[in-house]
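S.K.: Mind looking at a prediction? Sequence and model below.
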Amino acid sequence: MLETMGKYAAGRLSPFLKWAGGKGQLLETFEAYFPKSFGTYYEPFLGGGAVFFHLASKGRITKAVLSDLNKDLINCYVTVRDRLDELLERLKELQNHARDKEYFYEVVRPNFNKIELQTGSEGDVEKTALLFYLNKTCYNGLYRVNQKDEFNVPWGRYKNPAIYDESHLRAIQRILTQSGITVMCCDYHEATMNAGPNDFVYFDPPYQPVSSTANFTSYTPQSFGWGDQERLSQAYHELADRGCLLMLSNSPKVEKLYSPHTFRIERVRATRAISCVGNKRGPVQELLVLNYQRTDVKD
């Protein structure tokens, strides 16, 4: 089983980046919905990885395939895993500029957008460090890019932001470097191609907007629209036929894609943690779709 270290003992490991749609607030609620046991864990819309880190902290994961289409995000995971000491040196330098609005706009954001990722290059560490800085100092910790794949979130006006926690990152590294953990930049089809009976796949895609004004899905330059939701539903059905254990989170708008006669449809209350309008970060209803019995209910 996977282990953690230091003050980040079992049950306390959390994401190292803030990410839209993060599930940290729902983990205790989700406990009643996770399967009691499973083989390999798959999370093809990884984001901040709150569910993975929660399950790993509790020693419930032996093997995992973690993936996302966002290459900047996956670069962060790989850098923390493979080049943490180099990353920490750079983060210490950037921390000195954490309250510098001019540095944000004139140095960090444009340099982040200029770096082309190349596996094993110095740019991998630098781009990760700059994303840490942006994530902790930009408005509401939002990751957003335009059609040119340029990060364009404004300054966040925080008084004294801490852009990293070394103890936390070393605990994260220890989790990611243990055998059986694979990190990939790919779509959900490629990520789950080897998933089989009793493997647990957790889908947390960009949510179908609940209204015409709540339409942020731009984690990558390509948005995730209704056609993508339909294709994801088809993949869900195919994985169910393979015998995988499946759990999907989304807005109630996608309920029509999942038959209650075939799957278990549940609703939980969540809080919208990232919104461009502060007074819209309130409670919302979230849909869960399962193809197995929840652990606290008996047939």
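M.R.: Yes, it's here.

S.K.: what about the nearest residue to Thr29 once chain neighbours are set aside, neighbour count?
M.R.: Among residues not flanking Thr29 along the chain, Val268 sits closest, at 5.3 Å (Cβ to Cβ, 6 or more residues apart in numbering). The way it works is simple: take the backbone N, C-alpha and C, and place the C-beta from them, glycine included. The tally of other residues near Val268 (other Cβ atoms under 10 Å) stands at 15.

S.K.: In the stretch 101-250 of the chain, mark out all the strands, start to finish.
M.R.: 181-185, 200-203, 245-250 (DSSP state E, counting those that start in this stretch).

S.K.: Of the ones you listed, give the one that comes closest to Pro209.
M.R.: strand 245-250 (10.9 Å; Cβ to Cβ).

S.K.: partner strands of that closest one, parallel or antiparallel?
M.R.: strand 200-203 (parallel), strand 283-290 (antiparallel) (DSSP bridges).

S.K.: Can you tell me which of the ones you listed is most buried?
M.R.: strand 200-203 (a mean of 23; mean count of other Cβ atoms under 10 Å).

S.K.: follow-up on the earlier one: which strand residues bridge the residue nearest to Thr29?
M.R.: With DSSP bridges as the rule, Val268 is bridged to Glu286.

S.K.: thinking it is in contact with Glu286, fair?
M.R.: Yes: between Val268 and Glu286 there is a contact under Cβ atoms under 8 Å: 5.2 Å.

S.K.: intersection of neighbour lists for the two?
M.R.: Leu26 (Cβ atoms under 8 Å, 6 or more residues apart in numbering).

S.K.: Could you give the number of residues near Ile265?
M.R.: Ile265 has 14 nearby residues by other Cβ under 10 Å.

S.K.: Give the helix, strand or coil label for it.
M.R.: Here Ile265 is recorded as strand under DSSP: H, G, I helix; E, B strand; the rest coil.

S.K.: Wait, it touches Tyr258, no?
M.R.: Yes: between Ile265 and Tyr258 there is a contact at 6.5 Å, judged by Cβ under 8 Å.

S.K.: Between the two, which contacts overlap?
M.R.: In contact with both Ile265 and Tyr258: Val289, using Cβ under 8 Å, 6+ apart.

S.K.: What ranges in this protein fall below the confidence cut-off?
M.R.: 1-11, 210-222, 272-282, 296-299 (pLDDT under 70).

S.K.: Nearest spatial neighbour of the residue most central in space within it, chain-adjacent residues omitted?
M.R.: The centroid of the chain falls nearest to Gly47 when counting by Cα atoms, centre = their mean (1.5 Å). Of all residues not flanking Gly47 in the chain, Trp19 sits nearest, at 4.2 Å (Cβ to Cβ, 6+ apart).

S.K.: Give me the neighbour count for that neighbour.
M.R.: So Trp19, with other Cβ under 10 Å, has 24 neighbours.

S.K.: my guess is it meets Tyr143, correct?
M.R.: Yes: with contact defined as Cβ under 8 Å, Trp19 counts as touching Tyr143 (6.6 Å).
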